[in-house]
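Engineer: Show me the folded form of this:
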Amino acid sequence: MDIDLSPVINNWRFLASGLLLTIILSAASMAGASVLGLAVGIARSYGPRFLGLVLAFYVDSMRAIPVLVVLVWTFFAFPILTGLTLPPFWAALVALTVHLAAYVSEIVRAGIASIRPGQTRAALALGMSRAQVVRKIVLPQAIVRMLPAYGSILSITIKDTAIATVIAVPELMRQSETIAAQSFRPLEVFTTTMLVFFLLLFPITRGVDAVYRRVQHLGRS
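Structural biologist: Numbering: from 1, shown residues only. Here you go, the predicted model:
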């Protein structure tokens, strides 16, 4: 078996453009999912019962439906339903954000629930409002406790961008498929893609763990 890396070397700029888009899509999806997930998690923890039931249905629905199905529905079915057509990148961004936010919200809810109720009662007895308690007492500790799980979601987000290839988003996997099809060298191309994902994800996961080890004492109560 001969190994020929020339398709990868000759098209490195093409692959680099896909990697850049993968990073942008991952960062935007994670930012959106973090904001939406935080809002959903807080609302389920402190909101009225009716709102909690609605949000619980959303969370359970997203966890029950594969992200690929959500992506395809957003790109192909959403325009039929609303008349609004989303470009491939934006369809992928919306689908990943909505799907991942459900998992982030559960991480937030678990982090909030892990804080001892006595701290909340003590803060309320001192005259703090519910919003102040959440902002100054609960969330600073809960965020630290959420870091390991949040790091896992971050790595999943980066990996999930690869499915955007099915709607022709020119991210790393899509560019790799194009080069492999043109060069008939899938072994070299896809092995390179696999290594690139590893080199991108490994430092991130190790970095999150390192940060958690340095700040974990702030989450103890």
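Engineer: contacts and neighbour counts: CA atoms only from here.
Structural biologist: Noted.
Engineer: C-terminal to the longest helix anywhere in the chain, what's the next element?
Structural biologist: Longest helix of the chain, by residue count under DSSP state H: helix 12-46. The helix or strand immediately downstream of helix 12-46 is helix 49-64, counting by DSSP states H and E.
Engineer: packing partners for the helix or strand following that next one?
Structural biologist: Going down the chain from helix 49-64, the next helix or strand is helix 67-72, by DSSP H and E. If you count contacts as 3 or more CA pairs under 8 Å, 6 or more residues apart in numbering; DSSP states H and E, helix 67-72 packs onto helix 88-113.
Engineer: Please name the nearest non-neighbouring residue to residue 4.
Structural biologist: Counting by CA to CA, 6 or more residues apart in numbering, residue 188 is the residue found nearest to residue 4 once chain neighbours are left out, at 6.9 Å.
Engineer: element containing the one you found?
Structural biologist: Secondary structure assigned from DSSP H and E places residue 188 in helix 186-215.
Engineer: That helix to helix 12-46, inter-axis angle?
Structural biologist: In terms of direction (axes from the mean of the first three to the mean of the last three CA atoms, to 10 degrees), helix 186-215 departs from helix 12-46 by 40 degrees.
Engineer: buried set for the longest helix of the chain?
Structural biologist: Residues 14-15, 18-19, 21-30, 32-34, 36-45 are the ones in helix 12-46 that count as buried (16 or more other CA atoms under 10 Å).
Engineer: Give me the pLDDT for the closest residue to residue 114 other than its chain neighbours.
Structural biologist: Of all residues not flanking residue 114 in the chain, residue 142 sits nearest, at 7.3 Å (CA to CA, 6+ apart). Here, the pLDDT recorded for residue 142 equals 90.
Engineer: Next secondary structure element downstream of whichever strand or helix holds residue 142?
Structural biologist: Using DSSP H and E, residue 142 falls within helix 139-160. Next helix or strand after helix 139-160 toward the C-terminus (DSSP H and E): helix 172-183.
Engineer: now that next one: how far from the chain's centre is it?
Structural biologist: 25 Å (CA atoms, centre = their mean, to the nearest Å).
Engineer: Could you figure out how far that helix is turned away from helix 186-215?
Structural biologist: Using the same axes, to 10 degrees: helix 172-183 against helix 186-215 is 160 degrees.
Engineer: got the contact list for helix 172-183?
Structural biologist: Helix 172-183 has contacts (CA atoms under 8 Å, 6 or more residues apart in numbering) with 7-8, 11, 14-22, 162, 165, 168, 186, 189-190, 193.
Engineer: what's the model's confidence in it, averaged?
Structural biologist: 94.
Engineer: which residues touch the helix or strand containing residue 132?
Structural biologist: In the assignment (DSSP H and E), residue 132 maps to helix 130-132. Under the contact criterion CA under 8 Å, 6+ apart, helix 130-132 has outside partners residue 124.
Engineer: What is the distance between that helix and the centre of its chain?
Structural biologist: Counting by CA atoms, centre = their mean, helix 130-132 is centred 28 Å from the centre of its parent chain.
Engineer: what mean pLDDT does that helix have?
Structural biologist: 87.
Engineer: List the buried residues for that helix?
Structural biologist: Quick answer for helix 130-132: no buried residues (16+ other CA under 10 Å).
Engineer: One more: stretch 43-59?
Structural biologist: 43, 44, 45, 52, 55, 56, 58, 59.
Engineer: Alright, that wraps it up for me.
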